[in-house]
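Student: mind folding the following:
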Amino acid sequence: MSQTLISNISQMVTFQGVAKKRGRRPTLQDLGVIENSCIILNGEKIQWVGPKKKLPKLSVQKKIDAKGMVCFPGLIDAHTHLVFGGSREDEFAMRAQGKSYLDIAKSGGGILSTVQSTQSASLKSLIQFGKKRLQYARTLGVTAIEMKSGYGLTVKDELKMLHAIAQLKKTEKTHIVSTFLGAHAFPKNMHQNAYTLLICEKMLPEIGRKKLADFCDVFIDSGFFNLAQTKKILLTAQKNGLHLRIHSDEFKALGGTELAVSFKAKSVDHLIAISKKGVLALKNSDTVATLLPGTSFFLGKPYAPARKLIDAGVVVCFATDFNPGSSTTQNLPFMTTLAMTQMKVTLAEALSGITYNAAKSLGLEQEMGSIEAGKLANLAFFEIPNFKYFPYHYGENFCKLVIWKGKPVVHLA
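Tutor: I've put the predicted structure just below:
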């Protein structure tokens, strides 16, 4: 394998201490910042990291000058709805006039509006939409991303969305995790229990046979799936070989978090309305709390209790929840700014939430999320004075170089 030396890195934020603590209560010291550092890559993997003064003598085939930039592990967006048709700017204007998200959903808008647009879209167009959005995510430093279905709500259209994601997995220079979210909402003119049976008897067996998804997700909340329906879907998903994650406690706590923990789900997401029992369940588990500050920001709603969760010892991740209705942003760095200003987390907690802890929420922490020998060479370089500047100067993109599996995929420096 060919070796590559990346030198002239002003600061390398390794997150090695965060990895040793498995993501719990990260501190600044845990970030493992190395000043004036270098990285040696061997093919797709990291071979050596450390300060320039300890650089081993060896002959490398390729050299990259980082030009004094700050290096992070490739960023990881652990919760997105990136493949969809249409947009919902009209609903945004309606909310500004006083309509709530749930009011709009009950009147036929919301998720069902995007369902209609996605059902009308061709497989080719969904792939094109996804490709464009993934390319943009890469320019922000994102090297791994989770992508959900959930805007099909028929066997044909849910499979179409998953086939689009599968095609993007083959062609795009980003690590993609595919999630089946057929249980995102109930289709029009179909009884809730009948649709739950359709998911369990038709969709999940087909998805399992064709290995079209890594995870199964369920939206358990008031007006969506209830506890019994969620349990039935999760059981069926497990039998068909899928890992589990859920949307829970966004509007009302229905016991979804506790249920997910009992199933050893990798992640429970949203958690704005999480109960004390939910916090306790997460505290005593390896399930990650994936929080979505962009959704609260865009809807003008309260934020999930990140401070309470972290203090309890829960592993917390932050993601964009990119979707056309409640969080129309792919700006993952901005989520760290929101986490610090609105959710009162520390710098170390915010940065860990889009790197190591995000990897853990996807079951990928052995492969990525920190800069360590043996892990994949997924790296993002930012033209900023120091790593603390990352969430401080928000709304602009300072990423100039992205390495994915040892090769540059964005090179603007």
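
Student: contact partners of the strand or helix carrying residue 380?
Tutor: Taking DSSP states H and E as the definition, residue 380 sits inside strand 379-382. Counting by Cβ atoms under 8 Å, 6 or more residues apart in numbering, the neighbours of strand 379-382 from elsewhere in the structure are 6, 9, 39, 66, 69-75, 141-143, 371, 390, 398-403, 413. (Glycine included, C-beta is placed from N, CA and C.)

Student: which residues touch residue 115?
Tutor: Contacts of residue 115 were listed using Cβ under 8 Å, 6+ apart, and they are 151, 152, 153, 157, 185, 187.

Student: show me this structure divided up by domain.
Tutor: 3-74+369-411, 76-361 (automatic domain parsing).

Student: out of the ones you listed, which one sits most buried?
Tutor: domain 76-361 (a mean of 21; mean count of other Cβ atoms under 10 Å).

Student: for the protein, which spans come out with low pLDDT?
Tutor: Scanning the chain for pLDDT under 70 picks out the ranges 413.

Student: recalculate using a threshold of 50.
Tutor: Scanning the chain for pLDDT under 50 picks out nothing.

Student: before we move on, back to that, check the offset of the strand holding residue 380 from the chain's centre.
Tutor: Relative to the chain's own centre, strand 379-382 is displaced by 18 Å; criterion: Cα atoms, centre = their mean, to the nearest Å.

Student: dump it to PDB, restricted to CA.
Tutor: Backbone C-alpha positions of strand 379-382 (Å, rounded to 0.1, in the frame of the first residue of the first chain) are rendered in PDB as follows:
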ATOM      1  CA  LEU A 379     -10.000  13.600   8.000                       C
ATOM      2  CA  ALA A 380     -11.300  17.200   7.700                       C
ATOM      3  CA  PHE A 381      -9.000  20.300   7.600                       C
ATOM      4  CA  PHE A 382     -10.200  23.800   8.500                       C
END
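
Student: adjacent strands (with direction) for that strand?
Tutor: strand 70-73 (antiparallel), strand 399-404 (antiparallel) (DSSP bridges).

Student: what about residue 245, distance to residue 7?
Tutor: Distance, residue 245 to residue 7, by Cβ to Cβ, to the nearest Å: 39 Å.

Student: do residue 374 as well
Tutor: In this view, residue 374 and residue 7 are 21 Å apart by Cβ to Cβ.

Student: next secondary structure after whichever strand or helix holds residue 8?
Tutor: Here residue 8 is covered by strand 3-13, with elements defined by DSSP H and E. Downstream of strand 3-13, the next assigned helix or strand under DSSP H and E is helix 16-20.

Student: same for the helix or strand following that following helix, what does it pack against?
Tutor: Following helix 16-20 in sequence order, the next helix or strand is strand 33-42 (DSSP H and E). Based on contacts counted as 3 or more Cβ pairs under 8 Å, 6 or more residues apart in numbering; DSSP states H and E, the elements that strand 33-42 packs against are strand 3-13, strand 45-51.

Student: is the closest residue to residue 55 other than its chain neighbours bridged to anything, and to what?
Tutor: Ranked by Cβ to Cβ, 6 or more residues apart in numbering and with sequence neighbours excluded, the top spatial neighbour of residue 55 is residue 38, at 5.1 Å. For residue 38, the beta-bridge partners are residue 50 (DSSP bridges).

Student: relative to residue 213, how far out is the residue most central in space within the chain?
Tutor: For the chain, the residue whose C-alpha lies nearest the mean C-alpha position (Cα atoms, centre = their mean) is residue 78; its distance is 1.2 Å. When Cβ to Cβ is applied, the distance between residue 78 and residue 213 equals 15 Å.
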